[in-house]
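**Q** Okay, sequence plus prediction incoming.
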Amino acid sequence: MVEEAIKKADILIEALSYIKKFRGSVTVIKYGGSMLEDSVLRSKILDDIVFMNYVGLRPVIVHGAGPSITRSLEEEGIGTKFIDGFRFTDEATLKIVIQQTDAMNSILVNELIQKDAEAEGINSKKIIVEASKVKEELGLVGEPKELDVEFIETALSKGKIPVVSPLGKDVQGNFYNINADLMATFVAKKLEAEKLVLLTDVAGILRVTQDLSSLISTLSIKETEELITSGVVTGGMLPKLQASVGALKAGVNKVHIIDTRILHGLLLEIFTDKGIGTQIIH
């Protein structure tokens with residue numbers, strides 16, 4: 001019993017150096033994938049984020065709603081098409097995207113409040129991102145251009161956890177669906193975040209698909225770009241790596257890609273020496 005207590009104390013001491021180093025800095029967390037649908041896993045992830053907030057790491061959540069969007073589209077008889085990792089979005093798809101991202105935004109905010117944290121929901125009713133169309137073949141997929149930084153900074157100064165949906169509007173008031181990875185990168189750049197964390201339901205970046213022993217623990221910008229151009233990384237991981245490189249080049253200090261199916265994976269990656277996923281550094 002005493003030995004177990006000592007081990008816990010050692011972990012706290014190990015975490016203390018990271019708390020001192022990053023206290024007061026902003027950490028942007030992109031939360032998406034199938035783990036959004038698992039209420040038990042979601043609760044554990046939010047526990048980690050609340051812990052981060054209490055020790056002063058100022059988390060900002062940017063979330064998607066991919067699985068529920070796909071399911072709703074199927075129920076409505078609307079096909080789902082992805083182009084280079086981006087969901088093709090027409091008017092009918094956009095309507096579903098707004099409904100599902102708003103619903104997930106409310107769930108996350110309410111569950112954070114239930115954990116005695118203060119949260120600020122930022123959804124279709126409060127758009128803080130100005131966007132423009134990426135390209136015609138993607139439909140109503142937007143690229144973020146401007147961010148209401150003051151709105152998020154005000155929430156953070158009050159101890160709140162901002163929870164941001166991946167939606168934007170252009171100057172004419174038209175809505176756009178924004179890839180959540182790119183949205184998180186954009187927010188991280190504009191807030192001059194210390195860290196960008198991409199939560200996934202895979203182990204991290206693998207050199208060989210499905211081979212967990214090929215997990216890459218650390219990548220440089222150059223190595224990441226080589227993985228992108230070589231075609232080793234495809235599908236939904238491609239926007240993640242592109243977003244990571246963009247964030248680092250814009251001044252974010254470090255990007256973490258981690259598997260949150262591992263209990264307290266977020267805390268293990270940020271507050272321990274070894275970590276569990278892939279970190280991308282300058």
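**A** That came through, no problem. Numbering: from 1, shown residues only.

**Q** what sits up against stretch 103-116?
**A** Stretch 103-116 is contacted from outside by 31, 36, 42-43, 46-47, 49-50, 61, 63-65, 68, 118-123, 161, 163, 165, using CB atoms under 8 Å, 6 or more residues apart in numbering. Backbone N, C-alpha and C define where each C-beta goes, glycine included.

**Q** Weed out the non-buried ones from those.
**A** For these, a burial check counting by 16 or more other CB atoms under 10 Å picks out 31, 36, 42, 46-47, 49-50, 61, 63-65, 68, 119-123, 161, 163, 165.

**Q** Please flag which of the residues you listed sit within strands.
**A** Counted as lying in strands by DSSP state E, out of the buried ones among the contacts of stretch 103-116, are 31, 61, 63, 119-122, 161, 163.

**Q** For Arg261, see how far away Val40 is.
**A** 11 Å (CB to CB, to the nearest Å).

**Q** show me what contacts the residue nearest in space to the middle of the chain?
**A** Nearest to the geometric centre of the chain sits Lys30, at 0.5 Å (CA atoms, centre = their mean). With contact set as CB under 8 Å, 6+ apart, Lys30 has these partners: 62-64, 180-181, 183-184, 196-199.

**Q** what's the answer for Gly168, then?
**A** Here Gly168 is in contact with 127, 129-131, 142, 144-145, 175-176, 178, 183 (CB under 8 Å, 6+ apart).

**Q** redo that, cut-off 6 Å
**A** 129, 131, 142, 144, 176, 178 (CB atoms under 6 Å, 6 or more residues apart in numbering).

**Q** Tabulate those in a markdown table, adding columns for neighbour count and distance to Lys169.
**A** Listed next are those as a markdown table, based on neighbours: other CB atoms under 10 Å; distance: CB to CB, whole Å:
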| residue | neighbour count | distance to Lys169 |
| --- | --- | --- |
| Val129 | 24 | 7 |
| Ala131 | 26 | 7 |
| Gly142 | 26 | 8 |
| Pro144 | 23 | 11 |
| Tyr176 | 26 | 7 |
| Ile178 | 27 | 10 |
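
**Q** Tabulate the residues you listed (a markdown table), appending pLDDT, distance to Ile257 and secondary structure.
**A** Formatted as a markdown table, these follow (pLDDT from 0 to 100; distance: CB to CB, whole Å; DSSP: H, G, I helix; E, B strand; the rest coil):
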| residue | pLDDT | distance to Ile257 | secondary structure |
| --- | --- | --- | --- |
| Val129 | 97 | 23 | strand |
| Ala131 | 96 | 24 | strand |
| Gly142 | 95 | 23 | strand |
| Pro144 | 95 | 20 | strand |
| Tyr176 | 97 | 25 | strand |
| Ile178 | 95 | 19 | coil |
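
**Q** Serialize the residues you listed to a markdown table and add fields for distance to Leu267.
**A** Formatted as a markdown table, these follow (distance: CB to CB, whole Å):
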| residue | distance to Leu267 |
| --- | --- |
| Val129 | 29 |
| Ala131 | 33 |
| Gly142 | 33 |
| Pro144 | 29 |
| Tyr176 | 34 |
| Ile178 | 28 |
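
**Q** Val233 - that's part of a strand, no?
**A** No: if the criterion is DSSP: H, G, I helix; E, B strand; the rest coil, then Val233 is coil and not within a strand.
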